[in-house]
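**Student:** model the structure of this input:
(chains A, B, C and D)
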Number of protein chains: 4
Amino acid sequence: MNIKVIIAGPRGRMGSEAVRMVNQEPNFQLVGCIDRKNNGKKLSDIEGLPNLDVPVFEDAEECFTSVKADVFIDLTVPDAGFNHTLLALQNNIRPVVGTSGFSEEQINELTHLATSKEIGCIIAPNFAIGAVLMMQFSKMAAKFLPHVEIIEKHHDQKLDAPSGTAKKTISMINKVREKKEQGHPNEFETMQGARGAKEDGMRIHSVRLPGLVAHQEVIFGGDGQTLTIKHDSFNRKSFMSGIKLAIEHVVTISTLVYGLENIMDINH
Amino acid sequence: MNIKVIIAGPRGRMGSEAVRMVNQEPNFQLVGCIDRKNNGKKLSDIEGLPNLDVPVFEDAEECFTSVKADVFIDLTVPDAGFNHTLLALQNNIRPVVGTSGFSEEQINELTHLATSKEIGCIIAPNFAIGAVLMMQFSKMAAKFLPHVEIIEKHHDQKLDAPSGTAKKTISMINKVREKKEQGHPNEFETMQGARGAKEDGMRIHSVRLPGLVAHQEVIFGGDGQTLTIKHDSFNRKSFMSGIKLAIEHVVTISTLVYGLENIMDINH
Amino acid sequence: MNIKVIIAGPRGRMGSEAVRMVNQEPNFQLVGCIDRKNNGKKLSDIEGLPNLDVPVFEDAEECFTSVKADVFIDLTVPDAGFNHTLLALQNNIRPVVGTSGFSEEQINELTHLATSKEIGCIIAPNFAIGAVLMMQFSKMAAKFLPHVEIIEKHHDQKLDAPSGTAKKTISMINKVREKKEQGHPNEFETMQGARGAKEDGMRIHSVRLPGLVAHQEVIFGGDGQTLTIKHDSFNRKSFMSGIKLAIEHVVTISTLVYGLENIMDINH
Amino acid sequence: MNIKVIIAGPRGRMGSEAVRMVNQEPNFQLVGCIDRKNNGKKLSDIEGLPNLDVPVFEDAEECFTSVKADVFIDLTVPDAGFNHTLLALQNNIRPVVGTSGFSEEQINELTHLATSKEIGCIIAPNFAIGAVLMMQFSKMAAKFLPHVEIIEKHHDQKLDAPSGTAKKTISMINKVREKKEQGHPNEFETMQGARGAKEDGMRIHSVRLPGLVAHQEVIFGGDGQTLTIKHDSFNRKSFMSGIKLAIEHVVTISTLVYGLENIMDINH
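**Tutor:** This next block holds a predicted model:
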């Protein structure tokens, strides 16, 4: 297997990691990059990137028609990413896209295009395999242990609380969990906010401290026992094994798949 | 639903919890007990047990023929337990048995008897739902994150290390995990035992301290991330929801099932 | 050393543990009990208590004058406890009292009495040595790592949030911590309460789940690192080593000491 | 306060972080660097370092005599570091040195020189404030809770087990802990190494997994409770606040101090 790959956003924080990963994997070959600047240069001309004789294009269509590739990886922003993905599918190059920013309408359009072209396309909000497993296991556990609280911890430069992953986890759990209000019916706060945010009877707590990176634990309480599922992300490399899995999988399918969990054969 | 239940070992640590649980559940009714002593007494005559007008038998066969029951719970020892289970099946009472002590031959014999009688029978080494989920999730995760270490922690009155649950977890993971030797090929110990026990390339560490009860965490390492699945058992009540689940399930099946995980519909 | 001990509240949850502990320690001797009922009985007459030939009194003064004792342990309620403590001091018996319920005025009165009598008296809101150390270490750490969040976890039968220990910890940290508002100045909650309760710029999060007992972790964030100090209390026995320490210490001092930390020589 | 600083090893992993930290602190001023190459260049000529007009010297003595400085930071290797430190003291520049590699003889020589010159010198094996606090608190806790086990976790590229910090922690605890053999006297391993490495009756467990960075928890067990002191180091920045503290402190003292804990006023 030798999979030829184009990457959009090679100078970005995620993109530059992806360039390194694709370059190191023996079965992958980096054949082109799409960048908002540096048109006509080689990757080796750009500071901080590997010394590779790979052409850089500012125009996505030009890239897709000039370079023969199997897979296109987009790690840019939703607006540009959507156009890149459309163009890749039209040029029979399978997209692997990391974003939670596409609208339902956009996903529908891409789904139809992939189906009619009969080529694979994978879009995932989260490529960290550990985070995806944490959410899947949490959904499974909540059927048997319906008392759930989430503690998510991030560095103190993060502005919003709770995190998107915590909200997504609650929403997934909620699909299977028997409805119930947790805690004692007469419980009360002597300091406002102590019991965290409430969603569907469950609770989320957001810790923000310098030094932390990105961490979440989902705690299930039962009779005389607790079960905890915890994911710690220490740096951006945590997304690379998920992207690798998606590249290997996208060449084997002929439709659009949304969410990394749907290409992971967890149950068998 | 009103399920009539016989319990063997009502004075034991697990048995007395089971008596309390069955007594409190509105759908269950305790109708008899099997005890090595106290023949002919009522449960209410035995110190420390609920004040119930339930007959106590020393002879299992006499109990099964005298009392009309749906389910028989055995929380005694393997030798007595096997005979009780045989007799219960012969008397068309469905057994729920907590033991890891039956031989393969014994399980086969019980399986044939259950099948020919067309009644359910559930045997489980562990009735703690959280522990069963921990092991199942660990098996699922190891396919994607094959670097695994287990830390199990128990009170310092426990004699053997590692725990049976830790060994069982490693054995389950080993069925799906790609074979690999973990750690750096040149790693070395400057103090013997620091890296723990090695099994199939994975590692187990056993902590023994006063104050601890029964705890296990399974840690999966990947690129820039870790996933941890942790079970904390704080007291014997942690087994009761598993026994309850088994009682409700055993009346719906007509064969023998081994292991609580096989009656839990985890994946859907 | 043979210390003669009177215990008030022998049938209570804490009191009955204290009876057992004093009975088991070779250097201690239980010589009398004060109980709201059972006057004139022996301890061996009361169900659930050790089979000891120790007299029980309903009247504290009668107990203190009838029985020769060195130390008096009160594990009842603040109102009765205050009167017991006064009477014990007047009868030259050294009190060890577990309560956070005495008023400043009451503590002043007892302090003067102990000083004028020149006998020791120890009053402590918390006898769990691990909890006391957690609070002391937290106070020490906050001078160097002033970003602090507390997560406290209790069973879901606890009504109030946050716990008294969490509030006490914040209050102790606040004495030494440089004033600062934590988190990003522009941080915001998309779900109310996610960031927990705020006190002096720090944050407290209260988890309530079945299965949990009593747990607290204090997390300090710094540049590229975190320090966590965590106390887990699994059962009431966790108070006994603190009471033992207080009994051994109170016979060596001649004034009143408030707080277990002040009889623990932590720093040397 | 404006402290002029010379740094040796500006291109190293620790050194380059130190260059950035000193450059960002308003009270510090970087005035020179010592590097094995790049003699005569400016810092701005070296790739990957801040764009600063600071002279670089290959010869330490030339640097110390050419540039007027208050403090010298050495983050190189023990051999070079010792010579640099001697020369700095001889030139009345106060050294701050990060190493555990100096011999007792070398430390004695530096101590005498600092004392005779009446200038400060700080040598520390660990500049992570959180790690230093963890060790100090562990030493304090062990007096009251003498049952101790350490779990240290590192990435799987680390060759030796257990870590130097774990050994140092055990050695510090051992100075105050009542001698005792932990665990049950009849405990046994069914898999060799499960109970970890044994030192002075305590146990150390070393986990090595990809994804991990550098973590240690010290667990103390007591009656019905545990106390855990945990340090997580996520990146090299964790050393910078300790180095900053040392720079500010070294200008106020006139002798050599070994160990960051001895300049941290933890107890008051």
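**Student:** in stretch A:113-130, what counts as buried?
**Tutor:** Buried residues in stretch A:113-130, defined by neighbour count with 16 or more other Cβ atoms under 10 Å in any protein chain shown: A:113-114, A:117, A:119-130. Just so you know, the C-beta spots here come from the backbone N, C-alpha and C atoms, and that holds for glycine as well.
**Student:** next one: stretch A:172-187
**Tutor:** So stretch A:172-187, judged by 16+ other Cβ under 10 Å, has buried residues A:172-174, A:177, A:182-183, A:187.
**Student:** export those residues to a markdown table and tack on pLDDT?
**Tutor:** What follows is these, written out as a markdown table (pLDDT from 0 to 100):
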| residue | pLDDT |
| --- | --- |
| A:172 | 95 |
| A:173 | 97 |
| A:174 | 95 |
| A:177 | 95 |
| A:182 | 90 |
| A:183 | 89 |
| A:187 | 95 |
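**Student:** can you tell me which two in those residues are farthest apart?
**Tutor:** The distance between the two most remote of the buried residues of stretch A:172-187 (Cβ to Cβ) is 25.8 Å, for A:172 and A:187.
**Student:** re earlier: among the buried residues of stretch A:113-130, name the ones in strands.
**Tutor:** The subset of the buried residues of stretch A:113-130 located in strands under the criterion DSSP state E comprises A:121-124.
**Student:** quick check, nearest of these to chain C?
**Tutor:** The shortest approach to chain C among these belongs to residue A:124, at 22.3 Å (Cβ to the nearest Cβ).
**Student:** next, count neighbours for the closest residue to that closest one other than its chain neighbours.
**Tutor:** Nearest-residue entry for residue A:124: residue A:260, 4.4 Å, with adjacent residues in sequence omitted and distances by Cβ to Cβ, 6 or more residues apart in numbering or on different chains. Residue A:260 sits with 27 neighbouring residues when counted by other Cβ atoms under 10 Å in any protein chain shown.
**Student:** residue A:260 contacts residue A:133, doesn't it?
**Tutor:** No. The pair residue A:260 / residue A:133 is not scored as a contact, 9.5 Å apart, by Cβ atoms under 8 Å.
**Student:** for the stretch 1-150 of chain A, which segments are assigned as strands?
**Tutor:** A:3-8, A:28-34, A:56-57, A:71-74, A:94-98, A:121-124, A:147-154 (DSSP state E, counting those that start in this stretch).
**Student:** so where do the helices sit in chain A?
**Tutor:** Counting by DSSP state H, residue ranges of the helices within chain A are A:13-24, A:60-66, A:78-90, A:104-117, A:129-142, A:164-174, A:240-250.
**Student:** closest to chain B out of those helices?
**Tutor:** Once those are compared by Cβ to the nearest Cβ, helix A:129-142 is nearest, at 3.9 Å.
**Student:** now for the closest one, which elements pack on it?
**Tutor:** Contacts defined by 3 or more Cβ pairs under 8 Å, 6 or more residues apart in numbering or on different chains; DSSP states H and E place helix A:129-142 against helix A:164-174, strand A:214-222, strand A:225-233, helix A:240-250, helix B:129-142, strand B:214-222, strand B:225-233.
**Student:** buried residues in stretch A:98-113?
**Tutor:** For stretch A:98-113, by 16+ other Cβ under 10 Å, it's A:98-99, A:102, A:106, A:109-111, A:113.
**Student:** closest to chain D among those residues?
**Tutor:** residue A:98 (19.4 Å).
**Student:** what bridges to that closest one?
**Tutor:** On the basis of DSSP bridges, residue A:98 is bridged to residue A:124.
**Student:** what comes up buried for stretch A:246-261?
**Tutor:** Buried residues in stretch A:246-261 (16+ other Cβ under 10 Å): A:246-250, A:253, A:256-261.
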